[in-house]
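1. sharing a sequence plus its predicted fold:
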Amino acid sequence: MKKIIINKKYDGKKLNKFLLDNFNGLTLNTIYKALRKKDIRINNIKVSENCILKENDELTIFINDNLLYKTFDLDIIYEDDNILIVNKPVGIEVISCNKNDFTLTKMILEHFSSKDFPTPCHRLDRNTYGLVIFAKNKKALEILLNKFKNMEIEKHYKCTVYGIPKIKNNTLKAYLFKDRKKSLVYISDETKKGYQKIITSYKVLSENLENNTSLLDVTLHIGKTHQIRAHLAHIGFPIIGDRKVWFE
C-alpha cells in the first residue's frame, strides 16, 4: 500500500496519467483492473473510474510493488573505493522527494546495504538513460560536487531531432524563464526581466536525409530546467518524442 499527496503538476490531470508517469511497471490493463476491484482510493474514498485529480489529494494505492515497478539488474560501469558509475535505464528517477518511490538511488543503497552512501552527484530525467556518478563517501561527494560546479566534469547528451542543422557545430545563447504556476518554459533571444541566461552547444553526429532527422551531441555550459528540449525546439529542431510545447 502506498499513500501519495498529489502535487501541483498533476492538478486537473487524469488518474491514469499520474499513475503511468510515476510507476514504470504499471500498464493500463493493471490500472483498470485495480479500479474494478476498487484498490485505489482518493481522499480515502474508493474510486472505480479514471477521475480527475486535484492538488493535495491523498492517493492510496493497493497494488503490489512487483506490478508498480519494473525490475532490472544494476548496470555498473565503473567502481572503486570512492566512485560508482551506473548506467541508468529509462523509466526510473535517480532520486525522489517521496521516500516510498522506487528510485535508482534506493536500489543502489539496498545493493550496498547502506543508508547514506553511495549518493548521486547529479541527476538525469526519468525518461533519459545514461551514466550517473555516485559518491561512496562524504569526501568523494564534496570533491565531485565541486568539480561539477567548476565545469571540470562535462556532461554530454545525445538526442535525435527533427530537421538537419546547416551549422554542424554550434554554441547557442538565449534566455529562459520557467513559469512554475503554469509549468511552462519560455525562451527569448533577448534578455527580459526574470529570464536567466542559458548556453547550449551541439555537434551533429549523423544525419538521416530520408527521415529528415539528426543525431546531436549536446553540452550544457549554463544549465536550467528543460534547457536542451526548449533550446533546440526554439531554433527549430525539436527532440523526437518530446510532447511538451515550448513558448517564445
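-> Here it is on my side, so go on. Residues are numbered from 1 along each chain as shown.

2. which of the helices and strands in this protein ranks last by mean pLDDT?
-> helix 65-68 (a mean of 82; mean pLDDT, DSSP states H and E).

3. quick check, central residue of this protein?
-> D125 (1.7 Å; CA atoms, centre = their mean).

4. just the element for it, please.
-> Taking DSSP states H and E as the definition, D125 sits outside all helices and strands.

5. domain-wise, how is this structure divided?
-> By the assignment in automatic domain parsing, the chain contains the domains 2-68, 76-153, 157-234.

6. CA atoms of the longest strand along the chain as CSV?
-> Assignment by DSSP state E gives strand 196-208 as the longest strand of the chain. C-alpha atoms of strand 196-208 as CSV (Å, rounded to 0.1, in the frame of the first residue of the first chain):
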residue,chain,number,x,y,z
GLN,A,196,18.1,33.5,-17.0
LYS,A,197,20.9,33.2,-19.4
ILE,A,198,21.5,29.7,-21.0
ILE,A,199,24.3,28.5,-23.2
THR,A,200,23.9,25.2,-25.1
SER,A,201,26.4,23.6,-27.6
TYR,A,202,25.6,20.9,-30.1
LYS,A,203,27.5,18.9,-32.6
VAL,A,204,25.8,16.9,-35.4
LEU,A,205,26.9,13.3,-35.1
SER,A,206,24.9,11.9,-38.0
GLU,A,207,22.1,12.8,-40.5
ASN,A,208,19.2,10.9,-41.9
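
7. and that strand, average pLDDT?
-> The average pLDDT for strand 196-208 rounds to 97.

8. for stretch 10-23, same thing?
-> Mean pLDDT, stretch 10-23: 91.

9. end-to-end on that stretch?
-> Start and end residues of stretch 10-23 are separated by 14 Å (CA to CA, to the nearest Å).

10. name the surrounding residues that touch it.
-> Outside stretch 10-23, the residues within contact range by CB atoms under 8 Å, 6 or more residues apart in numbering are 4, 6, 26, 28, 31, 40, 42, 47, 50-55, 59, 61, 68-69, 101, 126. In short, each C-beta sits where N, CA and C put it, glycine included.

11. now, which of these lie within helices?
-> Among the contacts of stretch 10-23, the members found in helices (DSSP state H) are L28, I31, L68.

12. please spell out the PyMOL selection for the buried subset of the residues you listed.
-> Applying 16 or more other CB atoms under 10 Å to those, the buried members can be selected in PyMOL as follows:
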select buried, resi 31+68
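
13. ok, so of the ones in helices among the contacts of stretch 10-23, who is nearest V86?
-> L68 (21.3 Å; CB to CB).

14. what about the residue nearest to the closest one when sequence neighbours are not counted, neighbour count?
-> Distance criterion CB to CB, 6 or more residues apart in numbering; nearest residue to L68, sequence neighbours excluded, is F23 at 4.3 Å. For F23, the count of nearby residues is 22 (other CB atoms under 10 Å).

15. what's F23 sitting at in phi/psi?
-> phi -130, psi 100 (degrees, to the nearest 10).

16. any idea how far it is from K14?
-> Separation of F23 from K14 (CB to CB, to the nearest Å): 15 Å.

17. what about V218, neighbour count?
-> 20.

18. next one: it from C159, what distance?
-> Distance from V218 to C159, by CB to CB: 6 Å.

19. now for those two: what residues contact both?
-> Joint contacts of V218 and C159 (CB under 8 Å, 6+ apart) are I228, L232.
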